[in-house]
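>>> here are the coordinates; sequence isn't available:
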């Protein structure tokens, strides 16, 4: 018998189910789908605007600094090869 997962407030469903879901955009034209995606993007931006204004956690800032440092070193190395 397959493993069954439980929804928070509903009946269990099989873990290996492969049902497709849709937001109902399959019948839209390309322009309509484009407009729908723009609308979703604007809505997400509005919903998470406050979160985006919060400062990044220290560990994320440290990671960004480390990546920028590596990128700068690679750029310096590449510049030296051109000489």
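Perfect, thanks for sending it. All figures in this text were calculated on a predicted structure; none of them were measured in a lab.
>>> C-alpha from now on. contacts and neighbour counts both.
Will do.
>>> burial measure for residue 71, as a count.
12 (other CA atoms under 10 Å).
>>> quick one, what contacts it?
When contacts are counted by CA atoms under 8 Å, 6 or more residues apart in numbering, residue 71 is found next to no other residue.
>>> tell me the confidence at it?
Residue 71 carries a pLDDT score of 87 in this model.
>>> secondary structure element for it, which one?
When secondary structure is defined using DSSP states H and E, the element that contains residue 71 is helix 58-82.
>>> what about residue 58, how many neighbours?
Neighbours of residue 58 using other CA under 10 Å come to 9.
>>> and residue 26, backbone torsions?
Taking degrees, to the nearest 10, you get phi -60, psi -30 for the backbone angles of residue 26.
>>> burial measure for it, as a count.
Summarising burial for residue 26: neighbours were counted as other CA under 10 Å, giving 10.
>>> likewise the one 10 residues further on?
Residue 36 is flanked by 14 other residues according to other CA under 10 Å.
>>> cool, and residue 25?
Around residue 25 there are 12 other residues, counting by other CA under 10 Å.
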